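Chemist: here's a sequence, model it:
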Amino acid sequence: MLPVKKMSRSRTRTRRSHHRLRPVNYTICPMCGKSKLPHAACSSCGYVNPKITLNLGEEAAD
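Modeler: Predicted coordinates for the structure are as follows:
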């Protein structure tokens, strides 16, 4: 069975508006200046906040 009326592009795109990809927000690490995710430890230096810094060990290559 076919639709009675053609759905316009505007209505179709309005219905699908929540399917879009949202941009990932990055922040700058205050210690090393590299980009990192907010509320997460820096992957290069391990900085989280002024009271906490994680010790990142070097990965051993076999």
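
Chemist: what segments of this structure are helices?
Modeler: Along the chain, the segments classed as helices by DSSP state H run 9-15.

Chemist: ok, now how distant is the spatially most central residue of the chain from Ser17?
Modeler: Taking Cα atoms, centre = their mean as the criterion, Val24 is the residue nearest the geometric centre of the chain, at 3.0 Å. Per Cβ to Cβ, to the nearest Å, Val24 is found 19 Å from Ser17. Heads up, the C-betas are built off the backbone N, CA and C, glycines and all.

Chemist: what's the answer for Gly33, then?
Modeler: 36 Å.

Chemist: quick one: distance of stretch 13-28 to the chain centre.
Modeler: Offset of stretch 13-28 from its chain centre (Cα atoms, centre = their mean, to the nearest Å): 10 Å.

Chemist: run through the chain and note the low-pLDDT ranges.
Modeler: Low-confidence segments of the chain, defined by pLDDT under 70, span residues 53-54, 58-62.

Chemist: hmm, Tyr26 is touching Ala40, no?
Modeler: No. Tyr26 lies out of contact with Ala40 (Cβ atoms under 8 Å); the separation is 10.3 Å.

Chemist: now for those two: what residues contact both?
Modeler: Here Tyr26 and Ala40 have no joint contacts, going by Cβ atoms under 8 Å, 6 or more residues apart in numbering.

Chemist: give me the nearest residue to the residue nearest to the centre of the chain, chain neighbours excluded.
Modeler: Once flanking residues are discounted, Val24 sits nearest to Leu37: 7.6 Å by Cβ to Cβ, 6 or more residues apart in numbering.

Chemist: burial count for the one you found?
Modeler: 12 (other Cβ atoms under 10 Å).

Chemist: contacts only, for it.
Modeler: Val24, Asn25, Tyr26, Thr27.

Chemist: could you dump these to a markdown table with distance to Gly46?
Modeler: Shown next, in a markdown table, are those (distance: Cβ to Cβ, whole Å):
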| residue | distance to Gly46 |
| --- | --- |
| Val24 | 21 |
| Asn25 | 21 |
| Tyr26 | 17 |
| Thr27 | 15 |
